[in-house]
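>>> coords please:
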Amino acid sequence: METTLREVIKQITFKHLKKFRGQVFGQNLTGVGWVAGTLPKLYEKDGVIELPMADVANGGMVTGAALVGRRPFYIIRYQGYNWLNCIFIVNYACKSKEIWNKPAPMFIRGLSNEGGLGPVSTSSHISIFYKMPGIKIYSPMTKSEYKNTYKKFMKSDDVFYVSEHRKSYENKIEFKNTLKKNLDIILMPISVTRFEAEKAKNYLNKIGYKVGIIHLYELKPFVLKKKWINMIKSSKYGVLMTDNDYVDGIIRTLAHKINEQTNKKVYVLGLKDKSAGYTFETSNFPPSSSQIISKIKKIKIKIKKKRKK
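Presented below is the predicted three-dimensional model:
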């Protein structure tokens, strides 16, 4: 039976605890479904540490464990709580290696979701850490991506922020980049929008568009491969990036970097600049396949009009 991403995360966590004497910190880990079934059923004697409902202090506890070499996993069950944890993570864990020559490697699992949980428990908040030094950021959605992220962590002495999405845990497939020269446009989706971007790409290609896709999960450091640069330069309309974070967050920074290296227009779709929750007033979801399709059609029309002028 083919395994899911959920099972892979569970296996990696078990190995980290048993083989490498690691630790796992988080709130209510064992009480509510073992974090969507991504944790093995282990307890404090095995290194699984239940933290109190005091988010401001918890980042400090995990930083302490990292400083003494335990390479902790720290599970932030909702990324809205990144803000409460960032004092210790940003000012101590991320800076410790550079300032005091004392690394504090930790593997932060930041879980995101949208809808159903209120405005502090829904959207992605990677951007809060992205502009800070001393931290690497990944957003794996597949089994191989998660394994690669963990391997990189074990070879590094930096802080890793791993942005997860609850909708990815049942995923069994591996995403593949599809590129060739002279495409109309290239999609560069992040996180859960990768599923919707695939749907949009497949539909648009069926109706005569030429759409490629580059799946992004290594976000910081961000490296634009030479092959990608050449394909983007040869495209008609440039790049459309999608994310489940706010549109003025990390996606704008990456768009600027891509534009600098390719001199091509980079369009973005993400959450609107308003609260994201589960009421009609705060309805604010990541771009759907239909929104991506509509955006690309509008880009094509707009560029054609400009050329006629």
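
>>> can you give me the strands for the protein?
24-27, 48-51, 73-76, 107-112, 135-138, 159-165, 185-189, 211-213, 218-220, 239-246, 266-271 (DSSP state E).

>>> need these in TSV with mean pLDDT, distance to Pro286 and mean neighbour count, can you?
Every C-beta, even on glycine, is put in place using the N, C-alpha and C of the backbone. Formatted as TSV, the strands of the chain follow (pLDDT from 0 to 100; distance: least, Cβ to Cβ, whole Å; neighbours: other Cβ atoms under 10 Å):
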stretch	mean pLDDT	distance to Pro286	mean neighbour count
strand 24-27	90	25	22
strand 48-51	89	29	18
strand 73-76	91	19	27
strand 107-112	90	10	24
strand 135-138	96	18	21
strand 159-165	94	9	26
strand 185-189	98	9	27
strand 211-213	98	16	23
strand 218-220	97	16	18
strand 239-246	93	4	26
strand 266-271	94	7	21
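
>>> dump those strands into CSV; add distance to Thr38 as well.
Below are the strands of the chain laid out as CSV (distance: least, Cβ to Cβ, whole Å):
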stretch, distance to Thr38
strand 24-27, 10
strand 48-51, 12
strand 73-76, 9
strand 107-112, 8
strand 135-138, 16
strand 159-165, 8
strand 185-189, 23
strand 211-213, 27
strand 218-220, 21
strand 239-246, 19
strand 266-271, 24
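
>>> mind listing what Leu254 touches?
Applying Cβ atoms under 8 Å, 6 or more residues apart in numbering, one finds that Leu254 lies in contact with 188, 216, 219, 222, 241.

>>> and of those, the nearest to Phe88?
Lowest distance from Phe88 to these (Cβ to Cβ) belongs to Leu219, with 21.9 Å.

>>> what's near enough to touch that closest one?
Residues near Leu219 by Cβ under 8 Å, 6+ apart: 126, 130, 137-139, 163, 190, 250, 254.

>>> give me the pLDDT value at Ile89.
With respect to pLDDT, Ile89 has a value of 89.

>>> any idea how far Ser283 is from the closest residue to it other than its chain neighbours?
Distances taken as Cβ to Cβ, 6 or more residues apart in numbering put Gly59 closest to Ile89, at 5.1 Å, once the chain neighbours are dropped. Between Gly59 and Ser283 the distance is 31 Å, computed by Cβ to Cβ, to the nearest Å.

>>> ok, Gln261 next?
Distance, Gln261 to Ser283, by Cβ to Cβ: 36 Å.
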